[in-house]
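Visitor: Just need the structure, nothing else, for what follows:
(one chain, ligands or ions: 1)
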Amino acid sequence: MTTRRRLGIGLISAGWMGMLHSKAYLAVRENYPDLGIDPDLVIVADPSEANANTAVERFGYRETTDDIQRVLTHPDVDAVSICAPNFLHRDFALAAVAAGKPFWIEKPMGTGVEQSRQIADAVEASGLVTSVGFNYRHAPAVGHVRRLIREGTLGEIRSIRVWLNADYSASPEGPRTWRFVKEQAGSGVLGDLLSHGFDLAQYLVGPIRGVTSATRTFISERPAPLAGGQGHGVRADPDAPALPVENEDYAAVIARFGSGTMGTFESSRIAIGARCDYGFELFGSLGSAKWNFERMNEVDVCLAGERGYGFTRTMTEPGFGEFGRFQPGGGMGLSFDDLKTIEAKLFLESIATGRQLAPSVADGLVAAGIASAAAASASDGTWHQVPEPTGRTTFDA
Ligand SMILES: NC(=O)c1ccc[n+]([C@@H]2O[C@H](COP(=O)([O-])OP(=O)(O)OC[C@H]3O[C@@H](n4cnc5c(N)ncnc54)[C@H](O)[C@@H]3O)[C@@H](O)[C@H]2O)c1
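Guide: I've put the predicted structure just below:
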């Protein structure tokens, strides 16, 4: 029988991601019983009483508050999730560090590279372990491609193309939530979607050294939001005056990697028909691979010569990364929520072992540095260098 350890969880912000973190903590007990950790959902902080109460009803938190300090100083809380809008990340993360609590924070970390750096510096000085919501790296098919690259099966990776196109704001009738306000979100798709893409690409082919970019805002104003709702489910107030959109709907980035790989990144949040069209294609001297989140349980690989040309599709199954923790056979795929469960497990295991295993705030800082360099390039039209990774990065581990 595994010795079990109770680990008290405090949730800061019970929106879409807050609900998903909660669900993931509970699923760790079920999917990773051998980890020996029983997450105990203690207290949730959110100024929206409705959202906090929903977290109580759905996940069994015992207390609610509108004061994050009550979460951070609660005697039963050992670790926290920070799932607030971006402009609150820095203050909440620094408060968690001051309280000595390991935290799992959503991406992008803060509203820009300066806030990300403040978070990463404070964490590194404290030695705390963290987790950042770079969920797409946990897909078993992505891990498979990474292994093929690391074993040399695909040869030297010459180019990678990454895209994250979504339709969540395709309608001009969609409300101007915090995501469209510079002070609250920072950048638009560069932070919201491409932070995932930068992390994913670096997880596969190593650090990006320089970028050039172009961005554009196509829908320049939107109706004000009604109060309440979560994530992209917030509704517009048809009677309120339109408000300006302050960050980009679209970004295109060209990147040079330290390995010599060349890369392109594209992202739109107004791409009609693209639900979560998040994917990559990479081409090596011996073979190539393709993956798309919309079909995340499959991966296409082509090895030059031996097996002829043309891609072969493999459906992931037990033996591919963490697949076997969730399903007993191929064809019964993992879901988005399962990727979060893997992230929660890595966070809890980091806490238990003191080793940084989950995507880290150092990784979050690297992604923010690339987004910032891309934004600078979009405004002056030149190439910008990306700062060297520092601290406990894990994309290159
Ligand atoms: N990893 C991913 O794939 C992914 C997906 C979606 C969102 N995110 C990130 O997660 C974060 C939250 O996004 P979301 O979609 O869950 O947002 P959301 O709008 O659904 O929820 C935000 C929550 O924060 C609460 N809040 C506002 N002010 C607060 C305060 N002062 N103290 C505590 N809580 C407060 C709101 O009441 C709301 O419940 C963002 O950083 C976003 O970029 C990540």
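
Visitor: drop to CA atoms for contacts and neighbour counts, all remaining ones
Guide: Fine.

Visitor: Now the one helix or strand Gln115 maps to: average pLDDT?
Guide: When secondary structure is defined by DSSP states H and E, Gln115 falls within helix 113-126. The predicted model assigns helix 113-126 a mean pLDDT of 98.

Visitor: which helices and strands sit right next to it?
Guide: helix 89-98, helix 361-380 (3 or more CA pairs under 8 Å, 6 or more residues apart in numbering; DSSP states H and E).

Visitor: Would you tell me what the next helix or strand after the longest one is?
Guide: Beyond helix 361-380 on the C-terminal side, the first helix or strand identified by DSSP H and E is strand 384-385.

Visitor: If you count contacts, what does that following strand end up packed against?
Guide: Taking 3+ CA pairs under 8 Å, 6+ apart as the contact cut, strand 384-385 packs with strand 208-216, helix 361-380.

Visitor: What strands line up against whichever helix or strand comes after the first one, and which way round?
Guide: Right, strand 208-216. Downstream of strand 208-216, the first helix or strand assigned by DSSP H and E is strand 221-223. If you go by DSSP bridges, strand 221-223 pairs up with strand 242-244 (antiparallel).

Visitor: I'd like the average pLDDT over the strand it pairs with.
Guide: Averaging pLDDT residue by residue across strand 242-244 gives 95.

Visitor: chain center to that strand: distance?
Guide: Distance of strand 242-244 from the chain centroid (CA atoms, centre = their mean, to the nearest Å) equals 28 Å.

Visitor: So for it, what gets flagged as buried?
Guide: Residues of strand 242-244 classed as buried by neighbour count (16 or more other CA atoms under 10 Å): Ala242, Leu243.

Visitor: need the next SSE after it, C-terminal direction.
Guide: Criterion used, DSSP H and E; the element after strand 242-244 is strand 250-257.

Visitor: quick one on the thing from earlier: the helix holding Gln115: which residues count as buried?
Guide: Here helix 113-126 shows Val113, Glu114, Gln115, Ser116, Arg117, Gln118, Ile119, Ala120, Asp121, Ala122, Val123, Glu124 as buried, counting by 16+ other CA under 10 Å.

Visitor: for stretch 265-281, same thing?
Guide: 265-271, 274, 276-281.

Visitor: which residues sit against that stretch?
Guide: For stretch 265-281, the surrounding residues in contact (CA atoms under 8 Å, 6 or more residues apart in numbering) are 160-171, 189-190, 193-194, 197, 249-255, 288-294.

Visitor: Buried only: go through these for me.
Guide: Buried among these (16+ other CA under 10 Å): 160-170, 189-190, 193-194, 197, 249-255, 288-293.

Visitor: Quick check: which ranges of the stretch 1-150 of the chain have low pLDDT?
Guide: Residue ranges of the stretch 1-150 of the chain with pLDDT under 70: 1-2.

Visitor: and the spatially closest residue to Pro225 that is not a sequence neighbour, what are its phi and psi?
Guide: Closest residue in space to Pro225, ignoring its immediate chain neighbours: Ala236 at 4.3 Å, by CA to CA, 6 or more residues apart in numbering. Torsion angles at Ala236 (phi, psi; degrees, to the nearest 10) stand at phi -90, psi 150.

Visitor: Quick check: closest non-adjacent residue to Pro47.
Guide: Nearest to Pro47 is Asp66, by CA to CA, 6+ apart, at 4.8 Å.

Visitor: Could I get the contacting residues of the spatially most central residue of the chain?
Guide: Geometric centre of the chain, nearest residue: Phe134, 2.8 Å, by CA atoms, centre = their mean. Each residue near Phe134 by CA under 8 Å, 6+ apart is listed here: Lys107, His196, Asp199, Leu200, Pro359.

Visitor: which helices and strands does the helix or strand following the helix holding Gln115 pack with?
Guide: Downstream of helix 113-126, the first helix or strand assigned by DSSP H and E is strand 130-132. When contacts are defined as 3+ CA pairs under 8 Å, 6+ apart, strand 130-132 sits against strand 103-105, helix 336-353, helix 361-380.

Visitor: export these to CSV and tack on mean neighbour count and distance to Pro39?
Guide: Output for the helices and strands packed on strand 130-132, formatted as CSV (neighbours: other CA atoms under 10 Å; distance: least, CA to CA, whole Å):
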stretch, mean neighbour count, distance to Pro39
strand 103-105, 28, 14
helix 336-353, 22, 9
helix 361-380, 25, 22
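
Visitor: how about the ones you listed, which one is nearest His138?
Guide: Closest approach to His138 among the helices and strands packed on strand 130-132 (CA to CA): helix 336-353, 5.7 Å.

Visitor: That closest one - contacts with which helices or strands?
Guide: Going by 3+ CA pairs under 8 Å, 6+ apart, helix 336-353 lies up against helix 16-31, strand 130-132.

Visitor: what about 10 Å?
Guide: strand 5-12, helix 16-31, strand 37-45, strand 79-82, strand 103-105, strand 130-132 (3 or more CA pairs under 10 Å, 6 or more residues apart in numbering; DSSP states H and E).

Visitor: Can you check what angle separates it from strand 5-12?
Guide: 120 degrees (axes from the mean of the first three to the mean of the last three CA atoms, to 10 degrees).

Visitor: quick one: is helix 336-353 near the ligand?
Guide: No - using CA under 6 Å from any ligand atom, helix 336-353 never reaches the ligand; the gap is at least 8.1 Å.

Visitor: now that helix: mean pLDDT?
Guide: Mean predicted lDDT for helix 336-353 stands at 98.

Visitor: Distance from that helix to the middle of the chain?
Guide: On CA atoms, centre = their mean, the centre of helix 336-353 falls 13 Å from that of its chain.
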